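Would you be able to build a 3D model of this:
(2 chains)
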Amino acid sequence: MGEAIVITSGKGGVGKTTTSANLGTALALQGKKVCLIDTDIGLRNLDVILGLENRIIYDLVDVVEGRCKVHQALVKDKRFEDRLFLLPAAQTTDKSAVNPEQMKKLVLEMKMDYDYVLIDCPAGIEQGYKNAIAGADRAIVVTTPEISAVRDADRIIGLLEAEEGIEPPKLIINRIREGMMESGETLDINEITTHLSIDLLGIVMDDRNVISSSNKGEPVVMDPTNPAAIGYRNIARRILGESVPLMTMGKTKTGFFGKIKSMFGK
Amino acid sequence: MTKSQLITIKGTKDGLVLRLDDHCSFSDLLDELKEKVTSSVLEGVSDVQLHTGRRFCDEQDMKSILAIIHTSPNLRVSKVHSDVISLEACEKKLIEEQSETYIGIVRSGQVVRAEGDLVIIGDVNQSAQVIAGGSIYVLGRVKGIAHAGANGNKDAVIAASWLEATHLKIADKMEIMTDELTVLSEQPEMECAYLHKNGQIAIDRLQELRHLRPNLATFKGGI
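Predicted structure coming up:
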């Protein structure tokens, strides 16, 4: 039986959906059978980022209400043969269309067939959040190096810790701008991890290609040279149980051009 | 027939003590009290103390006793002693005096409450609240809201390894940690907050606590 992992953050816009899409893709690249569930009913995006929007026939609400079978609603990502599937959210209704009990049942069913079930959680701590965490075994909290995002992550971690049946959540720090972090304009990794005091699962650099590839419907993680993609790939390997050292920052500075630049700078 | 005395009057160094018998019926006691109050025995006396022994007097009983004593214009009850309290009062006292321990991080939006003292082992993050009827001791950083003496205990303190709370409350006083106040403690390490005599919340080094609130110590004996 597989594992269900919910990806949540509390605050909106920190990259939950992007993280879900990229981790799902990275796990599929590692040869695992993955199913992504979008629980952001009414404001679905995961299908767009994966480039699967125009292949949706049925959705989560159709499945839960018994209008179709689960396998009919699943959208297969053809790039990964039979390893990556998406259960899209409904767009025409809202979060109250599903309840936690139904989600629990659905996720349990999915775990039978997949190695990993990744649940993309909507922003907030209301019904949508409760639905998303209902069937999860593990939780990943995504935050950015902003005080507001860290505050909301703190709140969400508190709620997750109070929840029974979910392992202690792990942290991803997303959208790191190296320059700003080094100059102290944003919180640094150490500050965030000591404040939240949960295990750090990984860090992801801010990169313009994340946005452009999302727009193309091709998760950035497919480009193995991209710094954000490396971050996501490392996280996927850690989820699989490998121990991968944390990316070191400041490397780019000492590159060849950097050296020449600094020589002229003197 | 000589009636045994139900009320004994005793002189102590703190003044006159009326010791009320705790075996007789309450009405007999009141009758004798009436006699005693009007008699010449207590003439020229102003302050008396009451000792009810092992008789449990509820509010109503106490009222009738005091009413009788106060019929004499000169008498005033300065203190009431009793050897017994109700189970309810006892439990309340026990709860107030006990200390509860919370291990873990109090996160944003969470509230940890205790009737008595509260010991937190871990941090209190921003927008988290810790509320105690007694004092609050934190082995960790207080970055959120701490409310000690929530039931009105003005002697309660907030002590922490790192005190940089956004709001400090003691009894009914609140202090928003403005820059002015935090300037006093640039290094908010090992500090305590207490209610100063002037009615404001003050912050001092943890080491000063034994002078500020010596009554907090419950440890007896030792060298």
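
Around chain A, which positions in chain B sit nearby?
B:104-110, B:123, B:125-128 (Cβ under 8 Å from any Cβ of the partner chain). All C-beta atoms are positioned from the backbone trio N, CA, C, and that covers glycine.

Quick check: phi and psi at residue A:74.
When read as degrees, to the nearest 10, the backbone of residue A:74 gives phi -70, psi 130.

ok, then the element right after the one helix or strand in chain B whose mean pLDDT sits lowest?
One helix or strand of chain B scores below all others by mean pLDDT, DSSP states H and E: helix B:179-183, with a mean of 55. Sequence-wise, the next helix or strand downstream of helix B:179-183 (DSSP states H and E) is strand B:189-195.

Just the residues of chain B next to chain A: which are in strands?
Judged by DSSP state E, the subset of the residues of chain B next to chain A located in strands is empty.

I'd like to know which of these are buried.
Neighbour-count burial within these applies to B:105-110, B:123, B:125-128; the criterion is 16 or more other Cβ atoms under 10 Å in any protein chain shown.

Closest one to chain A out of those, please.
Nearest to chain A out of those is residue B:107 (Cβ to the nearest Cβ; 3.2 Å).

Tell me who's in contact with the closest one.
A:154-155, A:157-158, A:161, B:125, B:128 (Cβ atoms under 8 Å, 6 or more residues apart in numbering or on different chains).

What is the burial count for the closest residue to chain B within the stretch 151-266 of chain A?
Nearest residue of the stretch 151-266 of chain A to chain B: residue A:158, at 3.2 Å (Cβ to the nearest Cβ). For residue A:158, the count of nearby residues is 20 (other Cβ atoms under 10 Å in any protein chain shown).

The buried ones among the residues of chain B next to chain A: which two are farthest apart?
B:109 and B:123 (14.2 Å; Cβ to Cβ).

Distance of the residue nearest to the spatial centre of chain B relative to residue A:173?
Note on chain B: the residue nearest the mean C-alpha position is residue B:153, at 6.6 Å, using Cα atoms, centre = their mean. To residue A:173, residue B:153 is 42 Å away according to Cβ to Cβ, to the nearest Å.

do residue B:53 as well
69 Å.

Pick out whichever of those two has more residues nearby.
Set residue B:53 next to residue A:173 and count neighbours by other Cβ under 10 Å: residue A:173 wins out with 28 against 14.

tell me the SS of that one?
strand (DSSP: H, G, I helix; E, B strand; the rest coil).

what about the residue nearest to it when sequence neighbours are not counted, distance to residue A:175?
Residue nearest to residue A:173 in three dimensions, not counting chain neighbours: residue A:203, with 4.7 Å by Cβ to Cβ, 6 or more residues apart in numbering or on different chains. Distance, residue A:203 to residue A:175, using Cβ to Cβ: 10 Å.

likewise residue A:81?
Residue A:81 is 31 Å from residue A:175, by Cβ to Cβ.

out of these two, which sits in the more crowded spot?
residue A:175 (22 against 10).

okay, the residue nearest to the centre of chain B: pLDDT?
As predicted, residue B:153 sits at a pLDDT of 92.

Enumerate every residue touching it.
B:133-134, B:171.

Please identify the buried residues of the lengthiest helix in chain B?
The longest helix of chain B (DSSP state H) is helix B:26-38. For helix B:26-38, burial by neighbour count (16+ other Cβ under 10 Å) applies to B:29-30, B:32-33, B:36-37.
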